[in-house]
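*Asks:* Would you be able to build a 3D model of this:
(2 chains)
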Number of protein chains: 2
Amino acid sequence: MSQWRQDPLTGRWVVIAEGRHRRPDEFAPAVAGPAAGETCPFCPGHEHMTTPEITARGRRERAPAGGPGWRMRVFGNMFPAVRPGDGGPLGEAPWPARPGRGHHEVVVFTPEHGGGLHTLADDDLAELLLLLRERMADLAACPEVAHVLPFFNQGGEAGATLAHPHGQIIATPLVPQLVATKLERMRQWRGEGGGCLLCDLLAREEATGERIVAAGDGALVLAPWASRFPCELLAAPRRHVDGPVAGSPEDCTAVARVLGPALRALAAVRPEPPLNMILHAGPAGGPEDEFHWHLEILPRWTRLAGFEAGSGFAINSLAPETAARRLREEVARCAS
Amino acid sequence: MSQWRQDPLTGRWVVIAEGRHRRPDEFAPAVAGPAAGETCPFCPGHEHMTTPEITARGRRERAPAGGPGWRMRVFGNMFPAVRPGDGGPLGEAPWPARPGRGHHEVVVFTPEHGGGLHTLADDDLAELLLLLRERMADLAACPEVAHVLPFFNQGGEAGATLAHPHGQIIATPLVPQLVATKLERMRQWRGEGGGCLLCDLLAREEATGERIVAAGDGALVLAPWASRFPCELLAAPRRHVDGPVAGSPEDCTAVARVLGPALRALAAVRPEPPLNMILHAGPAGGPEDEFHWHLEILPRWTRLAGFEAGSGFAINSLAPETAARRLREEVARCAS
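*Replies:* Numbering: from 1, shown residues only, chains lettered A, B, ... in the order given. This is a model prediction of the structure:
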């Protein structure tokens, strides 16, 4: 079984999941996944190659569950980094540990072997966000879950090991440090007399306009002030909805309507963009889970190197204002 | 000029260095550097292609400064992310900023175009650490410098854009979050009745022995308890020396004597290993700069993906105990 371990020098938690990849040589680099048609476990007709289906979308009423005919499909990861169950602390200072608890699911969001998030229609993006919302609610209700993180690795540069477009959801017994940091910054802002930090940010960004990429009635996409990656994006609903899931159905639809054009603009600027997309909502349960859910889109055609790994700083040679201007042009061109 | 910017949601500082790479299209991915002999600016005889030399090692006594004949050579980065100078805060909440101040140097540590840190003899590694130590002392003495970070990107997967082996040094007007976190954890450990956290860790690691890769009279190399990367290593002198530079000449030599065998073992397990190496010492100046300098070696044949980017957690499918066992075998084989 895997193990959560805390680094004594940094406090960082790491999952040590030995044997997760059953490769002949654990020391060798990972190999590329199969092509379509061959043995891609995520293509329609290959449902028997995955763990049992948890839920699906788009299968016609009388079609058998577990077979083809779906538009989206969720199942457990074949090589989960973490598994459900309980168990308290294992190690002790300076080597704290916990059993490798959690949930690890796969979300195949299209039957097509090619393309990615940027080739989804806005309605499909909305359906995907609603599907994530449903899974987040289910997982957040599990007693051992402290937080639920949906994320997408698109392209080898972004860490994808299978080419068929898909996302993953990892529910963890610990609140991720990044989410805890955002919660802390939000509390601090409120403590200094502000409202919700993200609500306030969205309003101020829209007032200046220079980093806005796409604006809709219910949601915004912008290039963040301190973007770490060229063309980095943040998408959020205007309405404040806190809690551990991706808002309401209306928010999901509103976000999809601006996210779709923004992702297509990104693909116009950089074809087949390698990227990570992350959905951040609040921790599961507790009265102090005030948050404002949002998506981070991190293009990965530049590399995180030693300076980033050694400092936590980043160097970005494309200003977010330049990126936003160019992406706005593409959003306008695609819409016309 | 570049700009330091703080992300309102995470507090993370980022250098926005637009125009750093003078590429025809800022949106395109970076291109690979030149081969040896062609126009590699780091090969001997091409000294005129770099900014003026800051210091060098190994040039014969009567050889002209700035020409060939060196074993190691330091000069300013041609496209610095940060530049010397002063200047206070620029922006205000929620968008804090500062001028892009700092120092950005390049350290070419071999005249050979191929190879890397793992092909250096132990004596050359010692000379490299001593050279870094000298540059760190110089830079830490600059009034605007809060911290000095030497780092190495080896191989394209690790973010290298030029193939000729080299490192970089970035001196920053802010203490990097990772260094601040380590300082805080060290203070906490002392507050709870411990000694230096790293001194204590080294002693306990040696007592169990299962994560030790190479042990010398004056230094240790180990696979950290919560390694994020397969075959991740930490190298440190046994003797506690705090401050903003890499210890004393004796410590540098002691570390080189265990680091060399460990790097060669890594290259035996994974030829031409892509890796980042980071040297962490304390902040520049101030009475509270108690630290214990060390090197982190981060092999980069696995990718940081969405889970890591969205959580700050990591998943590592090779236990450090397994890595250490295998690397110890290679260290023993190379020594025999």
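*Asks:* need the strands for the stretch 1-150 of chain A, in chain order.
*Replies:* With DSSP state E, counting those that start in this stretch, the ranges of strands along the stretch 1-150 of chain A come out as A:3-6, A:13-16, A:53-57, A:72-76, A:97-99, A:103-108, A:147-154.
*Asks:* Out of those strands, which gets nearest to residue B:132?
*Replies:* Nearest to residue B:132, of all these, is strand A:13-16, at 27.7 Å by C-beta to C-beta. C-beta coordinates here come from the backbone N, C-alpha and C atoms, glycine included.
*Asks:* Show the contacting residues for residue A:88.
*Replies:* Applying C-beta atoms under 8 Å, 6 or more residues apart in numbering or on different chains to residue A:88 gives the contacts residue A:98.
*Asks:* Tell me the confidence at it?
*Replies:* Turning to residue A:88, the model gives it a pLDDT of 77.
*Asks:* Check residue A:307 too.
*Replies:* Note on residue A:307: pLDDT of 96.
*Asks:* Then residue A:60?
*Replies:* At residue A:60, the model reports a pLDDT of 77.
*Asks:* neighbours around it, how many?
*Replies:* By other C-beta atoms under 10 Å in any protein chain shown, 7 other residues sit near residue A:60.
*Asks:* wait, isn't it in contact with residue A:69?
*Replies:* Yes: contact criterion C-beta atoms under 8 Å: residue A:60 and residue A:69 qualify, at 5.7 Å.
*Asks:* and for the two, which residues touch both?
*Replies:* The contact sets of residue A:60 and residue A:69 do not overlap (C-beta under 8 Å, 6+ apart).
*Asks:* Test my guess that residue A:167 contacts residue A:160.
*Replies:* No: the criterion here is C-beta under 8 Å, and residue A:167 misses it with residue A:160 at 10.2 Å.
*Asks:* Tell me where the stretch 201-336 of chain A is predicted with low confidence.
*Replies:* A:286-289 (pLDDT under 70).
*Asks:* Next to chain B, which bits of it? Give me the list.
*Replies:* Proximity of the stretch 201-336 of chain A to chain B, by C-beta under 8 Å from any C-beta of the partner chain, involves residues A:201, A:204, A:224-228, A:230-231, A:269-270, A:276-280, A:296, A:298, A:301-307, A:309-320, A:322, A:326.
*Asks:* how about residue A:297, secondary structure?
*Replies:* Following DSSP: H, G, I helix; E, B strand; the rest coil, the label given to residue A:297 is strand.
*Asks:* Grab the nearest non-local neighbour of it.
*Replies:* Excluding its sequence neighbours, the residue lying closest to residue A:297 (C-beta to C-beta, 6 or more residues apart in numbering or on different chains) is residue A:233, at 4.0 Å.
*Asks:* Now do the same contact list for the one you found.
*Replies:* Contacts for residue A:233 (C-beta under 8 Å, 6+ apart) come out as A:213, A:221-224, A:262, A:266, A:295-297, A:327.
*Asks:* Out of these, name the ones that lie in helices.
*Replies:* Using DSSP state H, the members of the contacts of residue A:233 that fall in helices are A:262, A:266, A:327.
*Asks:* where along the stretch 201-336 of chain A do the strands fall?
*Replies:* Along the stretch 201-336 of chain A, counting by DSSP E, counting those that start in this stretch, strands occupy A:212-215, A:219-222, A:233-237, A:275-280, A:294-299, A:314-316.
*Asks:* Just send these back as CSV, with distance to residue A:56 too.
*Replies:* Converted to CSV, these look like this (distance: least, C-beta to C-beta, whole Å):
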stretch, distance to residue A:56
strand A:212-215, 30
strand A:219-222, 26
strand A:233-237, 25
strand A:275-280, 20
strand A:294-299, 23
strand A:314-316, 38
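*Asks:* and the closest residue to residue A:236 other than its chain neighbours, bridged to which residues?
*Replies:* Sequence neighbours aside, residue A:294 is the residue nearest to residue A:236 in space, at 3.8 Å (criterion: C-beta to C-beta, 6+ apart). In this entry, residue A:294 is beta-bridged to residue A:280, by DSSP bridges.
*Asks:* Right, I'll leave it there.
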